[in-house]
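*Asks:* Here is the input, now give the coordinates:
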Amino acid sequence: MDTESSKSANTSNCDHEIKNIDWISCKDFTVEAGEQQIRQYMDTWDIKHPGWLYSVQFLQEQEQEFKKQYHYRVQWSIPTQTAPIPRATASVYFIIEISTIKPNTLPVDVHFLIESTRSKHIPGRTRFRENWLMDVLESKTLLMDTIDF
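*Replies:* Residues are numbered from 1 along each chain as shown. I've put the predicted structure just below:
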């Protein structure tokens, strides 16, 4: 498997490229490999703001009838020199699924959700938009401004 290569496809209704990676096979999957691949996939995202930082955390493994799910949270923030601990973070939740009935040589299934939204995004089919993260940060900041501590 060539984990360094990136796949991409042009969408028919816009000029933006939808990028993806070669995801690991089910038989080769480990929690650590899942984290590494999430990082590799996020490296394909078109992030304009230079200050974004993130941390990846494995949350849990869930056994279901015909698959195992591995849940990860990626917390994004924009710390600054004057505010090294950001007021808000935006989370992206990744779920990597390993089928227990399909051939284990197939790649894992992956989808992700942005905090406070219900849309399920699939790598290779969804173009990530940085404003999704910004919207979460702005919503949290506006909410915090309404609360007196």
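*Asks:* Secondary structure element for the residue lying closest to residue 125 once chain neighbours are set aside, which one?
*Replies:* Residue nearest to residue 125 in three dimensions, not counting chain neighbours: residue 18, with 6.8 Å by CB to CB, 6 or more residues apart in numbering. C-beta here means a position set from N, CA and C on the backbone, and glycine is covered the same way. Using DSSP states H and E, residue 18 sits within strand 17-21.
*Asks:* list the buried ones in that strand?
*Replies:* Of all the residues in strand 17-21, those buried under the rule 16 or more other CB atoms under 10 Å are 18, 19, 20, 21.
*Asks:* correct me, but the third one touches residue 41?
*Replies:* Yes - using CB atoms under 8 Å, residue 20 is in contact with residue 41, at 7.2 Å.
*Asks:* so what's in contact with the two at the same time?
*Replies:* residue 123 (CB atoms under 8 Å, 6 or more residues apart in numbering).
*Asks:* name the helices or strands packed onto the longest helix anywhere in the chain?
*Replies:* In terms of residue count, the longest helix belonging to the chain (DSSP state H) is helix 130-146. On a contact count with 3 or more CB pairs under 8 Å, 6 or more residues apart in numbering; DSSP states H and E, helix 130-146 meets strand 90-99, strand 109-114.
*Asks:* got the angle between that helix and strand 90-99?
*Replies:* Relative orientation of helix 130-146 versus strand 90-99 (axes from the mean of the first three to the mean of the last three CA atoms, to 10 degrees): 130 degrees.
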